[in-house]
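J.: 3D, please:
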Amino acid sequence: MTRRITALAVAAITLLGSAAACSKSNNNGGSSGGGKTLIVGVDLPFQGSSKDTSDATFNAMQLYLDSVGDKAGNYKVQLKKYDDSTAAAGKWDPGQCTNNANAHVANTDEVAVMGTYNSGCAQLEEPILNQDPNGPMLEVSHANTYPGLTKTWGPNEPAKFAPSGKRSYARVITTDDYQGTAAARFAAKDLGVKSVYVINDNELYGQGVAKAFADEAAKQGITVLGNQAWDGKQANYTALFTGIKAKNPDMIYMGGIYDLNGGQLVKDKVKVLGDNTKVKLMGPDGFTGYKDFDALPDAEGTYLTFAGQDQSQLTAAGGKAAELLNNYKTKYGSTPDSSYALYGVLALQVILQAISKSDGTRASVTSQVFSGSGIDISASDSVLGKDIKIDPASGDVNAVDISVLQMKGGKETFLKPYPVQ
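T.: Model (predicted):
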């Protein structure tokens, strides 16, 4: 424990020192802009299984920022990477998320954060950002789908994420109460599933989406045979699926993230219960955008949901999304590994509009999102090609899109949109 605290303290001191050295300007002064450069932190897991998605998201954001001259109104804007993962964890790390939040606050040139990718990380960072004495500091996520961050869900949610009494968290993606509902309705109405066994990764996001799925599945007449956690550090899951086999489910629903030993989980599901045509397998967006999962033969046939519009939809629709994806492919040789990359750009669009309307201070940037009519990006400007509005009362986005995908030939193949409103 002592060694861990020491390491975290050293990391925090390093981050704080580099942030302070970055510039002697202070975001609390002036409203004229005058060419002042403002920083947008990009807080993602740049190590482990999520690295490819995080890299693609950052690259897409930078490509978009370059296309608008690296400016928002009178202000120059730069992106700064913050890695919320560790090599040891191979995914987001609670201690690193806390360190990052403190580093965001300490960087006097930083006015907003794009992130996080994982809801559990946002749960730790947002109370710190919200209590920033020069803020609260705006956080806009492209991927957090846990409902309680913006709406009533768990105990004292969402109030506990805004201890200052002012809202400072927004997102451009829909939530797991919609995603879980859509997945359950698809299972019942499109696949004819009569019984399901639900497993979850025992993290905030996984538990939330598993609950949403199980609750709606029961409403749809599906027998929910159980809801059990898997241990992401376990060597194998033969015993787990052997116990489930006796219940003879039509489907297994995995609520969680691939980072938590998802590959072994899927292998052992197929080993014990048979391939995914015999006993269907379904997972949420926490299993999308991973090259290792896509390449796994045992993943073939898995149904997935994505809490937004799939890249193929956006490409077919043309407009700014198709243009950005084409430019991305030209520069990097392929399209982004995850559709979340475009939602990272959308989150950046929200932040840039807030900056352009502000006086350059953190408090002012945040207030543009959570006062008056909030943020409103027209369809002609939005990277999604539709009007995007952030509700100033909640921080939620108006767009409620769910995509259903299926693994076919090692690719996440779009099947259909699944509206739930």
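J.: What's opposite the closest residue to residue 210 other than its chain neighbours in the beta bridge?
T.: In this structure, residue 210 finds its nearest non-sequential neighbour in residue 255, 2.8 Å apart by C-beta to C-beta, 6 or more residues apart in numbering. Quick note: C-beta positions are derived from backbone N, CA and C, even for glycine. Beta-bridge partners for residue 255, by DSSP bridges, are residue 200.
J.: Verify the contact between residue 255 and residue 207 for me.
T.: Yes: the pair residue 255 / residue 207 is scored as a contact, 7.0 Å apart, by C-beta atoms under 8 Å.
J.: what's the pLDDT at the residue nearest to residue 210?
T.: pLDDT for residue 255: 98.
J.: Residue 282 versus that one, what's the distance?
T.: Here residue 255 is placed at a distance of 10 Å from residue 282 (C-beta to C-beta, to the nearest Å).
J.: who's more crowded, those two?
T.: residue 255 (32 against 26; other C-beta atoms under 10 Å).
J.: From residue 162, how far off is the more buried one?
T.: The gap separating residue 255 from residue 162 is 26 Å, by C-beta to C-beta.
J.: try residue 342
T.: Residue 342 is 28 Å from residue 162, where distance means C-beta to C-beta.
J.: Could you do residue 188 as well?
T.: Residue 188 sits 36 Å away from residue 162, going by C-beta to C-beta.
J.: out of the two, which sits in the busier spot?
T.: More neighbours surround residue 162 than the other of residue 188 and residue 162, with 21 against 18 (other C-beta under 10 Å).
J.: Next, the contact list for the residue nearest to the more buried one when sequence neighbours are not counted, please.
T.: Leaving aside its sequence neighbours, residue 162 sits nearest to residue 130 (C-beta to C-beta, 6+ apart; 5.2 Å). Counting by C-beta atoms under 8 Å, 6 or more residues apart in numbering, residue 130 touches 136, 137, 161, 162, 163, 164, 166, 168, 169.
J.: what does residue 58 give?
T.: The contact partners of residue 58, by C-beta under 8 Å, 6+ apart, come to 42, 44, 46, 79, 81, 344.
J.: So it: helix, strand or coil?
T.: Three-state call for residue 58 (DSSP: H, G, I helix; E, B strand; the rest coil): helix.
J.: quick one: which of the contacts of residue 130 is nearest residue 38?
T.: Nearest to residue 38 among the contacts of residue 130: residue 137, at 12.1 Å, using C-beta to C-beta.
J.: separation between the spatially most central residue of the chain and residue 240?
T.: Per C-alpha atoms, centre = their mean, the C-alpha nearest to the average position across the chain is that of residue 143, at 1.7 Å. Applying C-beta to C-beta, the value for residue 143 to residue 240 is 27 Å.
J.: One more: residue 284?
T.: Distance from residue 284 to residue 240, counting by C-beta to C-beta: 19 Å.
J.: Among those two, which residue is more densely surrounded?
T.: Neighbour count, other C-beta under 10 Å: between residue 284 and residue 240, residue 284 has more, with 29 against 20.
J.: And the more buried one, how close does it get to residue 183?
T.: 7 Å.
J.: swap in residue 276?
T.: For residue 276, the distance to residue 183 equals 15 Å [C-beta to C-beta].
J.: And these two? Which one has more around it.
T.: Using other C-beta under 10 Å as the criterion, residue 276 and residue 183 rank with residue 183 on top: 28 against 22.
J.: which residues touch that one?
T.: Residues in contact with residue 183, defined by C-beta under 8 Å, 6+ apart, are 213, 216, 253, 282, 284, 303, 305, 402, 404.
J.: Around the third one, how many other residues sit close by?
T.: Put plainly, it is residue 253. That count, for residue 253 with other C-beta under 10 Å as the rule, works out to 29.
J.: For residue 379, see how far away it is.
T.: Applying C-beta to C-beta to residue 253 and residue 379 gives a distance of 34 Å.
J.: Which residue ranges of the protein form helices?
T.: 2-22, 51-67, 94-106, 119-130, 176-185, 204-219, 238-245, 262-273, 291-294, 311-317, 319-332, 340-357, 362-370 (DSSP state H).
J.: re the thing from before, now the contacts of residue 183 in a markdown table, with distance to residue 68?
T.: Shown next, in a markdown table, are these (distance: C-beta to C-beta, whole Å):
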| residue | distance to residue 68 |
| --- | --- |
| 213 | 39 |
| 216 | 40 |
| 253 | 41 |
| 282 | 39 |
| 284 | 32 |
| 303 | 37 |
| 305 | 32 |
| 402 | 29 |
| 404 | 33 |
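J.: which among these gets closest to residue 314?
T.: Using C-beta to C-beta, the contacts of residue 183 come closest to residue 314 at residue 402, 14.5 Å.
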